[in-house]
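Peer 1: The following block contains a protein sequence and its predicted model.
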Amino acid sequence: MPAHWRLFKNLSRPVSTAEGLAMDDTLPQSVALNNSPPILHLYTFVPSVNVGKYQDIEAALKLDTCRSKGIEFSRRSTGGGTVIMGPDIVALGLGINVDYPGLKKGVGGVFESLSLVLIRALEKLGIKAYFQPKNDLEVNGRKIAGLSAASEAGKSLLFHTSLLVDFDVGLMLDIMHTPLIKIRDKGYNCFSQRMTTVRQEVGRRVPVAEVMDSIEHAFEQEFNIRFKEDNPDEWEKKTISRLIEERYHNQDWIFSHKHPRARMGIGQLKSKAGLLEIYLSLSGASIENVLITGDFFSTSADIHRLENALKWTASRKESIEKNLSSVWQDDMIYGLDVPTLTQAILKAKDNQVRL
Amino acid sequence: MADIKGYNMPDELYYHKDHAWARVEGTKVTVGMNDFFQKESGDIVFVDLPEEEDDVEQGEICGKIQSRKWIGKLVAPVSGEIVEINEDLEEDTSLINSDPYGKGWILVIEASDLDSELGSLMQGEALADFINDEIKIAEEEKAKA
């Protein structure tokens, strides 16, 4: 007989960042300390943005613009960068024991396992997605979902996903600091070429509820389980209230200074392949994000592949070369080689400033 | 210097099952993350270190380590007081990847109960068995995929 997991599904209203994130944080705690089976939380947020646990929120976001537009901002407890949320973006929190049968082991394994579920869910909607190592789900070279995770109490872990049903690139550029800050049209094109949504792929106004149903069924098939719709018990309610106070209503949590130094830089290099223009976001000595643009010949899928190979890796020359080489194929960028591309990225690094 | 299926696991160190290593010099214990961990995790992006003078218990989470978009745990291999942290990691966390047993050390604990706690850490054959099991699990998962 299939095992039962619990499902907290909220279709009644988009929730505040405090409510949504505190409930997510409670999931792995309940699995580790409250004897709960795995819990899946499917919901949507009010228009909001959250940063990774170790991200500099003031460097990442235009907080005054967030305030004036009524966009909530907060800090989640999993890793990674800035995530825009809202009523048309499915938020997923999962609390599960790392040793759960069928869950692959290790950092890469867990991301891969959960990606398989989401790929199956998107397939049900008629979308052919694939896992872009190390943390994204893509459709034809465009990101449709981002994944992040944290090890929590005991052997439990919290897994977060945001799946784009619809998305407002303009809003993202309004509230996020990016190296493209001064060139709004270029920024719009850059990001819209790198992202897609369920509605864009399917060509109809897919309801958020349909996407949630699809995710729910994909989990059931992938792990051979059945969900039981449920609500937080008394222990969980108390934990949620405590975490709202300790974290999400606490300015010390939201504006935590435990983070690497955030810097951004632009690098230009004339090459045989054409002009290379690199936009780089650095988190300490690591690359948080990189955009490879210019007037060269390539495909958006190949560019995205190269960019992904560099995300969350060391920004040293030898590391950049090694990571680019790991995915490099002849003529990915026509007429360009790895050392030249590395040189352009290092130029952006040399020009780094705090925005 | 022990090589266990391509992972460098120096003989003179003690190992915790959550992949911390411990170098014992008198009552001072230097702590870091082992080669298996750093290879499995990939580039370390950030280390959330405890404060000096904090007391920790063996097996207690005393720090967090971010690689990719994953936040993992640094578990204290022995009990005691944290007397030193590696400030170089604030500038360059990749030291944990490039030199896990040298410049990538994370903290030093003034151990309070070393005699009874060292026995629960791994060395020699027990360590080889543990790493082999970890590798086997990873390979089985890859084969299934």
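Peer 2: That came in fine, so what should we check first? Residues are numbered from 1 along each chain as shown, chains lettered A, B, ... in the order given.
Peer 1: Can you pull the domain assignment for chain A?
Peer 2: A:3-254, A:262-350 (automatic domain parsing).
Peer 1: tell me the mean pLDDT for the longest one?
Peer 2: Spelled out, that is domain A:3-254. When pLDDT is averaged over domain A:3-254, the result is 93.
Peer 1: before we move on, back to that, which one of the domains of chain A lies nearest to chain B?
Peer 2: Across the domains of chain A, chain B has its closest neighbour in domain A:3-254 (3.4 Å, Cβ to the nearest Cβ). (Glycine included, C-beta is placed from N, CA and C.)
Peer 1: The closest one near chain B at all?
Peer 2: Yes. Among the residues of domain A:3-254, A:52-54, A:77-81, A:104-112, A:134-135, A:146-151 lie within reach of chain B under Cβ under 8 Å from any Cβ of the partner chain.
Peer 1: Which of those residues fall within helices?
Peer 2: Among the residues of domain A:3-254 next to chain B, the residues falling in helices (DSSP state H) are A:106-112.
Peer 1: and which of these is nearest to residue A:256?
Peer 2: Minimum distance to residue A:256 across those is 22.8 Å, recorded for residue A:107 (Cβ to Cβ).
Peer 1: Report how many residues lie close to the spatially closest residue to that closest one that is not a sequence neighbour.
Peer 2: Once flanking residues are discounted, residue A:107 sits nearest to residue B:70: 4.7 Å by Cβ to Cβ, 6 or more residues apart in numbering or on different chains. Other residues near residue B:70 come to 28 when the count uses other Cβ atoms under 10 Å in any protein chain shown.
Peer 1: Hmm, residue B:41 and residue B:70 touching each other?
Peer 2: Yes. Using Cβ atoms under 8 Å, residue B:70 makes contact with residue B:41 at a distance of 7.4 Å.
Peer 1: tell me, what's touching those two both at once?
Peer 2: Common contacts of residue B:70 and residue B:41 (Cβ atoms under 8 Å, 6 or more residues apart in numbering or on different chains): residue A:107.
Peer 1: Can you show me the strands along chain B?
Peer 2: B:2-4, B:7-9, B:14-15, B:20-25, B:28-33, B:44-48, B:55-56, B:61-67, B:70-75, B:80-85, B:107-111 (DSSP state E).
Peer 1: which helices and strands does the second one pack with?
Peer 2: Which is strand B:7-9. Identification of packing neighbours for strand B:7-9 by 3 or more Cβ pairs under 8 Å, 6 or more residues apart in numbering or on different chains; DSSP states H and E yields strand B:2-4, helix B:35-41, helix B:124-144.
Peer 1: now those as JSON lines including mean pLDDT, mean neighbour count and distance to chain A?
Peer 2: Compiled in JSON lines, the helices and strands packed on strand B:7-9 are given as follows (pLDDT from 0 to 100; neighbours: other Cβ atoms under 10 Å in any protein chain shown; distance: least, Cβ to the nearest Cβ, whole Å):
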{"stretch": "strand B:2-4", "mean pLDDT": "80", "mean neighbour count": "14", "distance to chain A": "17"}
{"stretch": "helix B:35-41", "mean pLDDT": "90", "mean neighbour count": "21", "distance to chain A": "5"}
{"stretch": "helix B:124-144", "mean pLDDT": "76", "mean neighbour count": "13", "distance to chain A": "4"}
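Peer 1: Excluding chain neighbours, give the residue nearest to residue 30 in space.
Peer 2: No chain in the question, so chain A it is. The shortest distance from residue A:30 to any residue other than its chain neighbours is 4.2 Å, reached at residue A:36 (Cβ to Cβ, 6+ apart).
Peer 1: Hmm, no, I was thinking of chain B.
Peer 2: Distances taken as Cβ to Cβ, 6+ apart place residue B:23 nearest to residue B:30, at 4.3 Å, with adjacent residues excluded.
Peer 1: Now do the contacts for the one you found.
Peer 2: B:12-14, B:29-31, B:101, B:105.
Peer 1: and the domains of chain A as CSV, adding mean neighbour count?
Peer 2: Formatted as CSV, the domains of chain A follow (neighbours: other Cβ atoms under 10 Å in any protein chain shown):
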stretch, mean neighbour count
domain A:3-254, 19
domain A:262-350, 19
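Peer 1: closest one to residue B:122 among those?
Peer 2: domain A:3-254 (18.3 Å).
Peer 1: where does residue A:162 land in three-state SS?
Peer 2: Assigned state for residue A:162: strand (three-state reduction, DSSP: H, G, I helix; E, B strand; the rest coil).
Peer 1: Contacts only, for the most centrally placed residue in chain A.
Peer 2: Most central in chain A under Cα atoms, centre = their mean is residue A:146, positioned 3.1 Å from the mean C-alpha point. By Cβ under 8 Å, 6+ apart, the residues touching residue A:146 are A:80, A:83, A:135-137, A:161-162, B:69.
Peer 1: again, but for residue B:77
Peer 2: B:14-16, B:20-22, B:29, B:31, B:58, B:121.
Peer 1: With residue A:198 instead?
Peer 2: A:122, A:125, A:127, A:144, A:163-166, A:206, A:211.
Peer 1: Determine which two of those residues are furthest apart.
Peer 2: Longest distance between any two of those is 14.7 Å, between A:122 and A:166; criterion Cβ to Cβ.
Peer 1: other SSEs contacting the helix or strand that contains residue A:65?
Peer 2: Assigned by DSSP states H and E, residue A:65 belongs to helix A:63-69. Using 3+ Cβ pairs under 8 Å, 6+ apart, the elements in contact with helix A:63-69 are strand A:72-75, helix A:169-175.
Peer 1: Now do the longest one: everything it contacts.
Peer 2: Contacts with helix A:169-175, where a contact means Cβ under 8 Å, 6+ apart, come from A:47, A:49, A:61-62, A:65-66, A:69, A:71, A:84, A:180, A:184, A:187-188, A:191-192, A:195.
Peer 1: Repeat the analysis, applying 10 Å as the threshold.
Peer 2: Outside helix A:169-175, the residues that touch it by Cβ atoms under 10 Å, 6 or more residues apart in numbering or on different chains are A:47-49, A:60-69, A:71, A:73, A:82, A:84, A:86, A:168, A:178, A:180-181, A:183-185, A:187-195, A:197.
Peer 1: Which SSE is immediately downstream of it?
Peer 2: Assigned by DSSP H and E, the successor of helix A:169-175 is helix A:184-192.
Peer 1: got a list of contacts for that following helix?
Peer 2: Applying Cβ under 10 Å, 6+ apart, the external contacts of helix A:184-192 come out as A:142-143, A:167, A:169-170, A:172-174, A:176, A:178-181, A:183, A:200, A:277, A:279, A:291-293.
Peer 1: quick one, what contacts residue 3?
Peer 2: In the absence of a named chain, chain A is used. Here residue A:3 is in contact with A:37-38, A:100-101, A:223-226 (Cβ under 10 Å, 6+ apart).
Peer 1: that's the wrong chain, I meant chain B
Peer 2: Taking Cβ under 10 Å, 6+ apart, one finds B:9-10, B:35 in contact with residue B:3.
Peer 1: for residue 27, phi and psi?
Peer 2: All of this is about chain A. When read as degrees, to the nearest 10, the backbone of residue A:27 gives phi -60, psi -60.
Peer 1: Surely it is in contact with residue A:36?
Peer 2: Yes. Between residue A:27 and residue A:36 there is a contact under Cβ atoms under 10 Å: 8.1 Å.
Peer 1: Mind listing the shared neighbours of the two?
Peer 2: Taking Cβ under 10 Å, 6+ apart as the contact rule, the neighbours common to residue A:27 and residue A:36 are A:6, A:95, A:156, A:232, A:236.
Peer 1: Mind checking which of the residues you listed land in helices?
Peer 2: Using DSSP H, these in helices are residue A:236.
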